[in-house]
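Colleague: Model the structure of this input:
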Amino acid sequence: MRETVIDETQGFTLGAGVPRFSVRSASATAVSIVVDGRGTVPLTQSGDVWSGEVPGVEPGDTYHLLVDGPTGPRHTFDPTRPLLDPYARGIARGTASRWTGVVVDDAFDWGGVVKPTTPLDRAVVYEANVRTLTAANPAVPEHLRGTYAGVAHESTIAHLRRIGVTTLELLPVHAFDTERWLRDAGRENAWGYNTLGFFAPHAAHASPGARAEGASAVLREFKGMVRLLHAAGIQVVLDVVYNHTAEEGLGGPTSSLRGIDGANRYRWAGLPDDDAAAYYDTTGCGNTLDTSVEATADLIVDSLRYWARDVQVDGFRFDLMAALGRDGNHVFDPAHPLLERIRNHPDLQDTLVIAEPWDVGPDGWKTGSFGTRTSEWNDGFRNTVRQFWLTDIAEERRNGAPAHGIGRLADALTGSRSLFDTARGPLAGINFVTAHDGFTLLDLVSYDGKHNEANGEENRDGSNDNRSFNHGIEGDTADRGVRAARGRSMRNLAATLMLSAGVPMLTAGDERSRTQHGNNNAYVVSDDLTPVDWSDDEDAEAMTSAVASLARLRAAHPALRPTRFGVAGQETPGASRMSWYGPDGQPMTIEGWDQPIHRALQYFVESTPEHEPFDRVLVVVHGSGRTRDITLPVREDLLGYRLAWSSEKHRDHERLRPAGQVFTAYGPGIHVFEIA
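Modeller: Down below sits the predicted model:
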């Protein structure tokens with residue numbers, strides 16, 4: 001069936017009448033569209049909109065723009081330079097290293113499949129790269145590996161369902177290019193954070209057959225992926241890069257917006273008539289889009305509407321979202337008009353909105369600042385959890401005691417209330433321990449330092465603040481004791497993620513013990529280093545099983561996934577009531593929270609029913625390498641405890657343990673008891 005065209009004024013409008021084309025430029029003095037093989041059509045101006053009829057255009061036609069305008073420090077007009085339509089639904093490589101738009105046929109039969117309606121508290125997010133998720137999976141036909149079709153393959157979906165994934169978050173799939181300096185060095189941007197166009201799916205991620213057939217087939221494959229994932233109950237979230245474009249800094253490749261109206265689309269330092277023109281860059285990528293300009297904000301909102309309605313994706317993770325919220329003076333405004341439109345637009349009300357809540361500009365760290373209906377990557381959770389289970393344990397080994405107590409971890413477990421206000425609640429936080437940039441989970445417990453030599457930057461790139469611990473040996477080892485300790489630490493990290501209030505995000509391959517051999521910035525070494533390893537491996541299977549068990553436990557216990565923060569003295573439906581006990585089974589003391597020597601707690605959590613039955617769980621955390629006896633709390637309202645999950649192997653999970661019984665923790669670990 002024919003899809004509804006989302007934007008009626010920009011790009012190509014195909015329908016029963018003569019095709020029309022429109023583009024916006026406030027500075028241009030002349031604009032023409034050139035349809036290859038069909039000729040050039042001058043466009044007429046109305047305000048900042050240039051439009052006209054383009055007879056005979058059909059799907060598959062390629063086209064570009066020619067734009068002329070004034071000279072000046074902020075203008076780069078060249079009436080002979082082919083430019084890419086910012087609203088192009090298809091993008092292909094043209095001649096002379098230029099990009100060209102492609103008119104697409106957007107017909108697609110969704111077969112009655114609709115978007116899954118997964119409550120946010122039940123969401124388990126899985127961040128993955130289309131290419132590396134299936135590139136090495138022998139269960140996927142070879143010609144589909146590393147493609148949209150590979151993501152939708154039955155083996156991929158079965159694995160996602162096994163480990164409890166409800167929401168697949170894909171690294172950038174908007175058409176992107178490799179930065180010029182990387183290309184000159186013979187390397188490739190494999191992650192995609194360098195956008196060419198905000199409406200076209202990246203063609204190189206499609207199967208060979210779809211690429212050979214053209215842009216319409218690439219779009220159909222993408223929609224087919226979404227349809228199959230939705231049929232399996234899995235949401236699709238796109239990592240979107242609206243903060244900058246592939247045009248890089250001044251003097252970079254002028255492919256689209258810079259040549260159409262660069263004076264108004266990018267942020268500039270100084271005054272408009274300054275002779276020394278310079279971009280005001282808060283992204284570190286050479287340029288930053290100026291979202292205080294209406295045409296730029298419209299471009300972003302139109303793109304979101306297109307993907308949400310026409311392509312049926314379920315949400316968006318906004319790369320460097322703080323850059324989108326800066327006003328005309330480059331100052332972040334939590335009530336920025338664009339942020340308000342994203343949160344409140346009628347066409348986006350059923351979409352997930354996830355912020356990477358920072359950029360690299362002045363005052364750019366804005367975690368906790370993005371308001372209602374927005375969830376944020378919780379880097380504070382990441383840092384706290386890594387510190388507690390890794391660097392503190394390493395320090396205990398070296399010096400006999402760690403530097404920190406358990407109080408910060410308790411805040412992370414209960415939804416990071418110190419970051420997110422009561423009105424937003426714990427679901428404002430997207431909790432994560434690892435992400436695409438940084439160490440994998442296995443590397444986090446295997447390396448004390450980064451090893452990025454393969455990137456060609458002499459190990460200067462990538463973060464130095466990893467909060468990792470190699471457990472005594474740097475890198476891979478056959479030492480059974482070290483491998484066992486690493487496995488326990490991985491389970492502790494995964495358990496803290498899956499048992500904490502908020503929305504957990506896993507990184508693809510962590511459940512398969514994926515390694516990048518210590519590379520914590522592997523964006524240019526995709527094929528030989530980063531694919532998920534699907535080979536038979538005992539450790540990988542054990543970790544996958546652990547993650548699957550944790551996901552089932554989380555799903556079964558609403559007490560672990562509250563939707564609201566409780567308010568003292570009030571009954572708050574959807575909140576969890578918390579009681580804290582020390583290792584002696586008595587209420588937690590101030591010393592127990594703060595002193596590094598006391599790194600054990602018992603977290604008794606009860607739900608306040610709203611949509612699910614009453615539920616309660618006891619979580620025992622032991623953050624020390626020393627063996628310790630834990631006395632299970634005595635309460636009049638329970639018979640006893642049954643161990644449901646432990647990061648220690650070979651625990652008895654069947655028998656009922658009476659309240660007051662001693663439970664021995666043999667090392668750093670986390671244990672979950674169901675209540676009888």
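
Colleague: residues touching T631, list them.
Modeller: P583, D584, G585, G660, Q661, V662, F663 (Cβ atoms under 8 Å, 6 or more residues apart in numbering). (Each C-beta comes from the backbone N, C-alpha and C, glycine too.)

Colleague: at 10 Å instead, please
Modeller: Y581, G582, P583, D584, G585, Q586, Q602, A659, G660, Q661, V662, F663 (Cβ atoms under 10 Å, 6 or more residues apart in numbering).

Colleague: List buried residues within the residues you listed.
Modeller: Y581, G582, P583, G585, Q602, A659, F663 (16 or more other Cβ atoms under 10 Å).

Colleague: what's the closest of these to Y148?
Modeller: Nearest to Y148 among those is Q602, at 46.3 Å by Cβ to Cβ.

Colleague: so the closest one makes contact with R635?
Modeller: No: taking Cβ atoms under 10 Å as the definition, Q602 is not a contact partner of R635, at 11.1 Å.

Colleague: list residues touching both of those two?
Modeller: S579, Y581, G585, L618.

Colleague: Okay, the third one and D615: tell me how far apart.
Modeller: By that I understand G585. 22 Å (Cβ to Cβ, to the nearest Å).

Colleague: The second one now?
Modeller: Noted for Y581: a distance of 19 Å to D615, by Cβ to Cβ.

Colleague: where exactly do the strands run in the stretch 301-450 of the chain?
Modeller: Using DSSP state E, counting those that start in this stretch, the strands assigned to the stretch 301-450 of the chain run over residues 315-318, 352-355, 375-378, 429-432.

Colleague: can you redo the ones you listed as CSV with distance to F332, mean pLDDT and mean neighbour count?
Modeller: Output for the strands of the stretch 301-450 of the chain, formatted as CSV (distance: least, Cβ to Cβ, whole Å; pLDDT from 0 to 100; neighbours: other Cβ atoms under 10 Å):
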stretch, distance to F332, mean pLDDT, mean neighbour count
strand 315-318, 14, 98, 25
strand 352-355, 12, 98, 24
strand 375-378, 14, 98, 26
strand 429-432, 19, 98, 26
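
Colleague: Let me see the contact set for G625.
Modeller: G625 neighbours (Cβ under 10 Å, 6+ apart): I393, A394, E396, R397, P402, A485, R599, Y666, G667, P668.

Colleague: that older thread, export the strands of the stretch 301-450 of the chain to TSV and tack on distance to T13?
Modeller: Shown next, in TSV, are the strands of the stretch 301-450 of the chain (distance: least, Cβ to Cβ, whole Å):
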stretch	distance to T13
strand 315-318	24
strand 352-355	28
strand 375-378	35
strand 429-432	37
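
Colleague: Go through the ones you listed and name the closest to V103.
Modeller: Using Cβ to Cβ, these put strand 315-318 closest to V103, at 25.4 Å.

Colleague: what packs against the closest one?
Modeller: Packed against strand 315-318 by the contact rule (3 or more Cβ pairs under 10 Å, 6 or more residues apart in numbering; DSSP states H and E) you find strand 125-128, strand 167-170, strand 235-240, helix 294-305, helix 337-344, strand 352-355, strand 375-378.

Colleague: Return the distance of the third one from the chain's centre.
Modeller: Using Cα atoms, centre = their mean, to the nearest Å, the mean C-alpha position of strand 235-240 is found 8 Å from that of the whole chain.

Colleague: Okay, angle between it and helix 294-305 too, please.
Modeller: Orientation of strand 235-240 against helix 294-305 (axes from the mean of the first three to the mean of the last three Cα atoms, to 10 degrees) gives an angle of 150 degrees.

Colleague: Check the model's average confidence along the next helix or strand after strand 235-240 for me.
Modeller: Going down the chain from strand 235-240, the next helix or strand is helix 257-265, by DSSP states H and E. On average, the pLDDT along helix 257-265 is 97.

Colleague: Which elements pack onto helix 257-265?
Modeller: With contacts defined as 3+ Cβ pairs under 10 Å, 6+ apart, the packing partners of helix 257-265 are strand 20-24, strand 62-68, strand 78-83, helix 294-305.

Colleague: Now tabulate the ones you listed in CSV and tack on distance to G47 and mean neighbour count.
Modeller: Output for those, formatted as CSV (distance: least, Cβ to Cβ, whole Å; neighbours: other Cβ atoms under 10 Å):
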stretch, distance to G47, mean neighbour count
strand 20-24, 9, 23
strand 62-68, 16, 21
strand 78-83, 20, 16
helix 294-305, 10, 20
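
Colleague: May I see those arranged in TSV, with distance to I590 as well?
Modeller: Formatted as TSV, the helices and strands packed on helix 257-265 follow (distance: least, Cβ to Cβ, whole Å):
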stretch	distance to I590
strand 20-24	61
strand 62-68	67
strand 78-83	65
helix 294-305	48
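
Colleague: Figure out which of those is closest to S32.
Modeller: Nearest to S32, of the helices and strands packed on helix 257-265 and by Cβ to Cβ, is strand 62-68 at 4.6 Å.

Colleague: Direction included, what does the closest one pair against?
Modeller: Strand 62-68 has the following sheet partners, assigned by DSSP bridges: strand 30-35 (antiparallel), strand 78-83 (antiparallel), strand 99-102 (antiparallel).

Colleague: And the average pLDDT for the first one is what?
Modeller: The predicted model gives strand 30-35 an average pLDDT of 98.

Colleague: can you give me the offset of it from its chain's centre?
Modeller: Taking mean C-alpha positions (Cα atoms, centre = their mean), strand 30-35 and its chain are 37 Å apart.

Colleague: can you check the shortest one too?
Modeller: When C-alpha coordinates are averaged (Cα atoms, centre = their mean), strand 99-102 and its chain have centres 28 Å apart.

Colleague: Dump that strand to PDB, restricted to CA.
Modeller: Extracted in PDB, the C-alpha atoms of strand 99-102 (Å, rounded to 0.1, in the frame of the first residue of the first chain):
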ATOM      1  CA  TRP A  99      26.300  12.300  -3.200                       C
ATOM      2  CA  THR A 100      23.000  12.400  -5.000                       C
ATOM      3  CA  GLY A 101      19.400  12.200  -3.800                       C
ATOM      4  CA  VAL A 102      17.200   9.300  -5.000                       C
END
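
Colleague: Noted, bye for now.
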